[in-house]
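**Q** here is the input, now give the coordinates:
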Amino acid sequence: MRDIAFFIIAVIVLSAASYGGTYDLTIYQGSGFGIDDNPSEYESTVITVNEIIIYSLINPCTFTQWGAKMTQTRGSEQTEFSMKVGDVREYQVYDPNGIEVPGKTISINLVQVYGDPDYIACTISEPRGDFKIGAPAYSYCEDSDNGVDIYAAGSAYEISMDSSLELGNYIEYYETGRTKYSDLCISESTVSEFYCDNNQVSTKRVSCPDGYYCENGACVAITEDFCEDSDGRDQYTHGVVTEGVRTTTGEVVSSEEYEDECHDIKTVKEYVCSGVIADYEYMTCSNDYVCKQGRCVLDYDEFCEDEDGRDIYVKGTATYGFEDNGRIVSSDEYEDYCKNSNTVKEYYCEGISIKSKLYECPYGYVCSGGRCVSETYEECADTDGGDDKYVKGIVTYSLYEDGQLISQESHVDMCNGSFAVVEYYCSNNKVKEAMMDCPKGYACDNGVCAERKLQKGIATVIYMQEGWNSFSIPLEYDDIQTNCDGLLEKDSSGNLKNVWMYSLLSGSYKHPKEMKAGYGYWYKSERECFISLVGDEYALSGKSLSAGWNFIGAGYESAQFSEIAEECEVIDGPWVWNSENETYEESSALEKGRGYFVKLKSSCTLR
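**A** A predicted model of the protein is given here:
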């Protein structure tokens with residue numbers, strides 16, 4: 001359970017640009033974990049190319065093979081050697097303490113020396129030609145949709161690079177090949193997302209949120225046509241019919257609006273919905289009424305007031321109505337609002353008439369809250385209205401720059417094990433998350449705390465040894481009994497004073513308020529004892545694990561960790577404590593009642 005990592009950086013330094021100088025290939029050795037990674041602080045090996053030579057198997061005037069004379073310098077020691085084209089020389093890698101790293105070497109390969117035999121004199125001191133030393137080949141990763149973006153169908157590319165170095169020139173890398181990995185749908189609701197992780201192509205399965213389905217490698221919103229009539233076919237009310245397309249979660253994708261209007265002094269052109277299609281009818285006003293501003297009204301004096309003066313940078317309200325000798329008979333208010341992210345619908349007065357007009361926000365501005373706001377703008381929306389663990393919500397964060405939506409991400413409330421909800425909410429237009437425990441009598445179901453009646457009938461016993469015990473609770477219990485001294489004893493704060501659990505937030509141990517299924521715990525016993533439980537079986541399926549060390553408890557049924565952790569990239573473990581031998585043992589199986597340590601590269605969910 002010890003973390004060890006090494007890295008090697010090969011740098012080629014050209015100290016001269018013509019024949020006769022020295023050309024250095026420097027190899028730095030160092031450690032990349034927990035230590036300053038500046039390689040200049042570590043001892044290095046320098047290979048110096050002194051001169052280009054010719055190897056002749058017959059006589060000095062016959063061209064046979066190129067090579068080079070070199071000097072190796074490490075500390076105060078120098079060693080001269082020669083290499084023919086095609087030769088490979090191995091160098092041992094040392095850690096920062098000067099200790100050899102077993103099995104770690106770097107190869108220096110004299111790839112090629114160029115020369116023209118027509119210009120070679122019968123000497124080996126000054127042949128004409130260039131040399132090339134093999135520099136390390138490498139590969140890197142590019143992602144067209146810039147990470148895990150389930151709403152964009154992208155591709156990750158594994159790009160292979162090789163290099164050449166000629167006398168007098170800097171090292172030059174060139175592409176030798178690329179492999180394309182495209183996002184794809186593995187079910188109607190699941191996308192396999194390819195992305196770059198430490199310059200390597202990785203993949204993860206991501207479920208599309210509610211209201212979305214997977215199509216061509218991306219989560220696409222399920223849409224439907226709609227038509228809404230604000231006044232319900234009432235010629236005495238000025239109404240607006242909206243026809244468009246929206247997602248099943250209510251987000252409008254596109255729409256058109258049709259406002260009631262006067263056809264003539266006695267007739268209203270009344271817009272109505274015919275199913276999901278906008279239509280209109282001509283409706284006649286009764287005897288004492290006339291048509292004004294798209295509705296039938298008594299023939300009173302009209303008035304109109306606008307509080308923001310047609311200012312697209314201020315959200316205002318325009319009021320249109322009727323009055324009789326200064327007494328307001330009726331009135332309606334019209335608030336400015338955003339038609340879309342770049343367009344504001346501005347209501348204003350033109351004389352005593354109410355008017356509206358769509359205005360595009362200028363470059364660098366977006367529409368939000370019924371007005372144009374400048375530069376970068378963040379927006380956060382939560383469908384359940386906040387941190388409500390009893391309602392499943394979707395939080396959508398949007399970032400705008402220069403008037404354009406540049407990124408958007410959604411977070412869906414989900415279960416963390418059987419008794420906790422990961423609740424997403426908005427705070428100051430930022431996405432926040434909170435781990436919220438379900439109260440007693442509730443369990444997490446599909447991202448919400450739901451009332452749940454435990455069915456008695458399953459009983460199990462967890463046995464403790466003398467000394468330290470790493471254990472877990474395999475049932476969602478409603479009854480617990482024990483003869484272990486002080487196991488259930490609480491301190492003044494209501495915490496179990498003799499039980500410890502690992503806190504991911506602080507990276508340290510703390511006393512829990514209660515013991516729950518799915519978590520690992522420590523308890524030190526003065527004698528052999530047991531815990532008796534009655535409740536429902538617990539399974540690890542759906543439990544979320546975090547990057548770094550996790551202390552988890554096994555479920556009721558034994559399971560192979562590799563089978564339930566297919567989506568997890570395990571760095572170390574699982575490890576289990578052997579109370580009899582007082583040692584950690586690596587274990588591939590998770591057994592009922594035991595606690596296990598496992599270290600992950602990134603967060604994941606057990607299957």
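**Q** assign residue 180 to helix, strand or coil.
**A** Under the three-state scheme (DSSP: H, G, I helix; E, B strand; the rest coil), residue 180 adopts strand.
**Q** that should have said residue 563, apologies.
**A** helix.
**Q** so what's it up against?
**A** residue 607 (CB atoms under 8 Å, 6 or more residues apart in numbering). The way it works is simple: take the backbone N, C-alpha and C, and place the C-beta from them, glycine included.
**Q** center of this protein - which residue?
**A** residue 148 (5.6 Å; CA atoms, centre = their mean).
**Q** so how far is residue 216 from it?
**A** Separation of residue 148 from residue 216 (CB to CB, to the nearest Å): 17 Å.
**Q** next: residue 383.
**A** 26 Å.
**Q** where does the stretch 101-250 of the chain dip in pLDDT?
**A** 101-138, 163-173 (pLDDT under 70).
**Q** go again using 80 as the cut-off
**A** 101-139, 161-174, 249 (pLDDT under 80).
**Q** just the strands in it please.
**A** All strands of the stretch 101-250 of the chain, identified by DSSP state E, counting those that start in this stretch, fall at 130-133, 138-143, 155-164, 172-182, 184-187, 190-197, 200-207, 212-215, 218-221, 223-229, 240-247.
**Q** residues in contact with the last one: which ones?
**A** Right, the one you point to is strand 240-247. Here strand 240-247 has contacts from 211, 221-231, 252-260, 271-273, 276-278, using CB under 8 Å, 6+ apart.
**Q** quick one: buried ones out of the residues you listed?
**A** When the contacts of strand 240-247 are checked for burial by 16 or more other CB atoms under 10 Å, the buried set is 211, 221, 223, 226-229, 231, 257-258, 260, 271-273, 278.
**Q** residue contacts, residue 267?
**A** 282, 283, 284, 285, 291.
**Q** how close does the third one sit to residue 259?
**A** Distance of residue 284 to residue 259, given as CB to CB: 19 Å.
**Q** next one: the first one
**A** Distance of residue 282 to residue 259, computed by CB to CB: 15 Å.
**Q** cool, the last one as well?
**A** As for residue 291, its distance to residue 259 is 13 Å (criterion: CB to CB).
**Q** please apply the same query to the second one.
**A** Computed as CB to CB, the residue 283 to residue 259 distance reads 15 Å.
**Q** not including adjacent chain positions, what is the nearest residue to residue 590?
**A** residue 554 (3.9 Å; CB to CB, 6 or more residues apart in numbering).
**Q** if you could redo that for residue 544, that was the one I meant.
**A** Nearest non-adjacent residue to residue 544 (CB to CB, 6+ apart): residue 416, at 4.8 Å.
**Q** and for residue 215?
**A** Nearest to residue 215 is residue 185, by CB to CB, 6+ apart, at 6.6 Å.
**Q** in the sheet, who's paired with that neighbour?
**A** residue 191 (DSSP bridges).
**Q** tell me the contacts of it?
**A** 191, 192, 214, 215, 216, 217.
**Q** neighbours of the second one, how many?
**A** In other words, residue 192. By the criterion of other CB atoms under 10 Å, residue 192 has 17 neighbours.
**Q** residue 203 versus that one, what's the distance?
**A** For residue 192, the distance to residue 203 - CB to CB - is 6 Å.
**Q** for the strands of the stretch 101-250 of the chain, give me CSV that also has distance to residue 521.
**A** As requested, the strands of the stretch 101-250 of the chain are exported to CSV (distance: least, CB to CB, whole Å):
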stretch, distance to residue 521
strand 130-133, 58
strand 138-143, 40
strand 155-164, 40
strand 172-182, 41
strand 184-187, 37
strand 190-197, 33
strand 200-207, 30
strand 212-215, 39
strand 218-221, 38
strand 223-229, 49
strand 240-247, 44
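**Q** do you know which of those lies nearest residue 538?
**A** When the strands of the stretch 101-250 of the chain are ranked by proximity to residue 538, the top entry is strand 200-207, at 22.3 Å, counting by CB to CB.
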